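Engineer: Provide a 3D model corresponding to the input given below.
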Amino acid sequence: MALLGTIEPFNTGEPLKWKTYMERFQFFITANGITDETKKKAVFLSICGPSTYDIIHSLIAPQAVSDVDLAVITEKLSAHFLCSTVVGRFMFHRRNQKPEENMASYIKELRHLAGDCGFNESILEEMLRDRIVCGVKDENLQRRLLAEQNLTFSKAEELALAHETAMQSVSALRETTVLATHSVNKFQNKQFKQNGKTCFRGENMHAPEDCRFKDAVCNFCKKKGHIERACLSKKRGIRKEQIQKKQTANQKAISAEEEKQVQMVEAESTEAIHPSYDIFVIKDGTEIKDFMVPLKINSKEIKL
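Structural biologist: From the prediction side, this is the model:
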């Protein structure tokens with residue numbers, strides 16, 4: 001006869017789940033109409049898993065497993081897996097909310113741990129309330145709970161869940177805002193490209209708000225918000241230097257021209273003071289014989 005449903009082997013690495021596992025086993029045998037104690041024992045030993053079976057062997061030794069009733073076996077396993085009240089309370093009071101754990105899961109786990117603490121009904125909710133206040137990961141929520149007058153477990157649970165929902169809504173809103181900003185920047189970048197404009201931060205074709213150099217420090221002027229190649233101070237300095245070089249070159253050219261004109265004026269003045277005259281001009285190509293001209297210089301006769 002096929003059995004209804006399945007039940008996995010017990011995970012000995014999670015001993016605190018033993019109580020829940022046995023509850024599921026009782027539902028399993030009830031669903032399948034198993035009432036005979038021997039058959040219950042056989043089914044349990046078949047599904048409990050090899051690790052649990054080895055523990056059973058060590059707990060009932062030197063007796064054989066076949067000689068011990070199921071009630072004795074489960075009693076010894078319960079004593080083995082289930083912690084004492086002191087250990088249970090120790091684990092309960094050390095349980096803080098994990099970084100990625102939501103509030104509902106955290107409260108559920110606290111309820112589960114409280115089952116091994118032996119708290120009576122009069123203090124159970126107080127212990128759960130205190131553990132929520134002390135163990136939540138959000139410091140703002142913790143301050144809110146500490147400021148609440150006459151805080152009960154129900155009120156603490158309500159505030160904690162509402163706070164978590166609000167934070168999730170804010171996070172979703174911020175993500176939407178970021179996406180919208182990205183879309184606007186993308187549109188602006190497209191407009192910059194179409195208009196042929198460049199970003200003043202890095203001289204690229206996009207909006208300044210979307211520039212990766214908006215937090216950069218210029219190597220030239222040491223100011224934040226742009227890089228050296230787009231630095232206006234550097235460009236103004238280069239332009240000024242170019243103008244000065246051009247002015248210097250022009251001045252040199254003017255000086256050279258002025259010097260040339262001065263030399264020409266001096267030459268003209270010299271010519272005016274010491275004029276030269278042609279002695280004769282040969283126009284018809286007739287051959288002229290050499291002749292000597294006697295001259296006296298300082299009473300000495302010289303022929304030229």
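
Engineer: for the stretch 101-250 of the chain, which spans come out with low pLDDT?
Structural biologist: 176-197, 202-205 (pLDDT under 70).

Engineer: Strands of that one, start to end?
Structural biologist: Read by DSSP state E, counting those that start in this stretch, the stretch 101-250 of the chain holds no strands at all.

Engineer: if I look at residue 232, how far off is residue 220?
Structural biologist: With the distance defined as C-beta to C-beta, to the nearest Å, residue 232 ends up 10 Å from residue 220. Any C-beta I mention is one placed from the backbone N, CA and C, and that applies to glycine too.

Engineer: of the two, who's got more company?
Structural biologist: Between residue 232 and residue 220, residue 220 has the larger neighbour count (other C-beta atoms under 10 Å), namely 16 against 13.

Engineer: can I assume that one is in contact with residue 235?
Structural biologist: No - using C-beta atoms under 8 Å, residue 220 is not in contact with residue 235, being 9.7 Å away.

Engineer: Residue 7 belongs to a strand, doesn't it?
Structural biologist: No - under DSSP: H, G, I helix; E, B strand; the rest coil, residue 7 sits outside any strand and is assigned coil.

Engineer: That one - how many residues pack around it?
Structural biologist: The number of residues packed near residue 7 is 16, by other C-beta under 10 Å.

Engineer: Ok, residue 149 next?
Structural biologist: The tally of other residues near residue 149 (other C-beta under 10 Å) stands at 5.

Engineer: Roughly how far does it sit from residue 155?
Structural biologist: Separation of residue 149 from residue 155 (C-beta to C-beta): 10 Å.

Engineer: what comes into contact with stretch 8-24?
Structural biologist: With contact meaning C-beta atoms under 8 Å, 6 or more residues apart in numbering, stretch 8-24 is reached by 7, 47-52, 55, 74, 77-78, 80-83, 91, 112-113, 115-116.

Engineer: So for that stretch, mean pLDDT?
Structural biologist: Mean pLDDT, stretch 8-24: 88.

Engineer: which parts of it are buried?
Structural biologist: Neighbour-count burial for stretch 8-24, counted by 16 or more other C-beta atoms under 10 Å, picks out 10, 12, 18, 21-22.

Engineer: just checking, which of the residues you listed belong to helices?
Structural biologist: 18, 21-22 (DSSP state H).

Engineer: domain parsing for the protein?
Structural biologist: 15-82, 86-170, 193-201+209-243 (automatic domain parsing).

Engineer: export those to CSV and tack on distance to residue 302?
Structural biologist: Below are the domains of the chain laid out as CSV (distance: least, C-beta to C-beta, whole Å):
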stretch, distance to residue 302
domain 15-82, 143
domain 86-170, 121
domain 193-201+209-243, 66
